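J.: Sequence first, predicted model second:
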Amino acid sequence: TIIEAYSFIVDGNTNNQIGNLSQGRMDSGGFASSTHGYSVGGRIGENSNNLNSIDYSAVVDKFSFATANTVTQPFTLAQRHGNLTTHTSATRGYYSGGHLQSGGAGASGSQTDTLVIDSVLFASDNSRTSPGFIDVAVSQSNTTSSATDAYHISGRTRSPEAFVTVTYKFSFANEAPNTTIASLTGANTNRGHSSGGSYCDVTAGYVSSGNNAAGFNTTIEKYTYASDVVTVEPRTLVRDDNGVGSSSSTTHGYSSGGTNPPGTTFASGQVTTSNQVQKFSFSSTNNSVDITTLSNATFNLSHHIQR
């Protein structure tokens, strides 16, 4: 349930545990206005990799960046929702894809994939379903946003279960998806919003680390907004963590927490969680560096960037 913050201005300057969410969960969506962070849905209950035997939440928590110890629930999702992808425009927060759950808990309930794009208006906290749909039913996707468009990058399909490289964008103006614009160099997942590393500057979005059929990786890839072209950066992250949280200042991308090492599973009890925070510069090709630590080792975080 912990809400933590770290400084973009001074490396190593952390304000750990500045508040608590109303409900403990992972794989939730996160977006932010200029004054508040939102935590949307997510996975509750057992730490399970079986997508058909886990429970999701319909809770939406909102907290102030000025007083993060004050958490409210401005609205409730129509259905329990997890592994969703989120985007932030100047006026709205968007959530799409992932899995919906109805009925009972776990295997007794019913889980379905969704193509719907929903959003909340920051000024009023009114939520609504957008007119557009995402192209492919994926979860654990990566996400970046320019000033005008949302990018929904790669992810994982459930039936059949597979890693995909599909990437599309939709316009904040008309909320309608375009066709596939580019693909990652490998089929990578767990690199975006609550599950991995996604970062944005003014001209480009970045995705990093995550896992695919071959295991975890440290790759950083870049999406140039003007051309929608993806390139592999000539640098890497310090560690090949999976399920990291991510955030961006105007000059750097930050990756926090995650699980490591590769080639292990939760069931084996061999996965190690990290409390490290690392950053890389948008203007150089240097590898990332560790700058501080979280108060606790954690993974599958939700991130909120004060804009």
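T.: Ah, there it is.
J.: Give the burial count for the residue nearest to residue 146 when sequence neighbours are not counted, as a bare number.
T.: Nearest residue to residue 146 in three dimensions, chain neighbours excluded: residue 225, at 4.3 Å (C-beta to C-beta, 6 or more residues apart in numbering). C-beta here means a position set from N, CA and C on the backbone, and glycine is covered the same way. Close neighbours of residue 225, defined as other C-beta atoms under 10 Å, add up to 20.
J.: what's residue 225 sitting at in phi/psi?
T.: phi -60, psi -40 (degrees, to the nearest 10).
J.: what helix or strand does residue 74 sit in?
T.: Using DSSP states H and E, residue 74 falls within no helix or strand.
J.: Touching, it and residue 125? I think so.
T.: Yes: in terms of C-beta atoms under 8 Å, residue 74 counts as a neighbour of residue 125; the distance is 3.8 Å.
J.: Distance-wise, check the residue nearest to residue 146 relative to residue 24.
T.: Computed as C-beta to C-beta, to the nearest Å, the residue 225 to residue 24 distance reads 36 Å.
J.: swap in residue 286?
T.: 36 Å.
J.: Run a quick neighbour tally on the closest residue to residue 115 other than its chain neighbours.
T.: Excluding the flanking residues, the one nearest residue 115 by C-beta to C-beta, 6+ apart is residue 133, at 4.3 Å. Other residues near residue 133 come to 17 when the count uses other C-beta under 10 Å.
J.: hey, what's residue 133 bridged with?
T.: Beta bridges link residue 133 to residue 116 when assigned by DSSP bridges.
J.: what's across from residue 273 in the sheet?
T.: Under DSSP bridges, the beta-bridge partners of residue 273 are residue 259.
J.: In contact with it, which residues?
T.: 257, 258, 259, 260, 297, 298, 299 (C-beta atoms under 8 Å, 6 or more residues apart in numbering).
J.: so how far does stretch 25-37 reach from one end to the other?
T.: Length of stretch 25-37, first residue to last, C-alpha to C-alpha, to the nearest Å: 16 Å.
J.: Strands of the stretch 51-200 of the chain, start to end?
T.: 55-64, 71-72, 76-82, 85-88, 92-96, 99-103, 109-113, 116-121, 126-133, 142-145, 149-158, 161-171, 197-200 (DSSP state E, counting those that start in this stretch).
J.: a markdown table for these, including distance to residue 239 and mean pLDDT?
T.: As requested, the strands of the stretch 51-200 of the chain are exported to a markdown table (distance: least, C-beta to C-beta, whole Å; pLDDT from 0 to 100):
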| stretch | distance to residue 239 | mean pLDDT |
| --- | --- | --- |
| strand 55-64 | 29 | 91 |
| strand 71-72 | 31 | 92 |
| strand 76-82 | 26 | 89 |
| strand 85-88 | 24 | 88 |
| strand 92-96 | 29 | 91 |
| strand 99-103 | 28 | 82 |
| strand 109-113 | 31 | 76 |
| strand 116-121 | 33 | 90 |
| strand 126-133 | 36 | 82 |
| strand 142-145 | 18 | 83 |
| strand 149-158 | 20 | 80 |
| strand 161-171 | 20 | 78 |
| strand 197-200 | 11 | 80 |
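J.: re earlier: any common contacting residues for residue 74 and residue 125?
T.: Common neighbours of residue 74 and residue 125 (C-beta under 8 Å, 6+ apart) are residue 62.
J.: Between those two, which has more neighbouring residues?
T.: Between residue 74 and residue 125, counting by other C-beta under 10 Å, residue 125 is the more crowded of the two (17 against 14).
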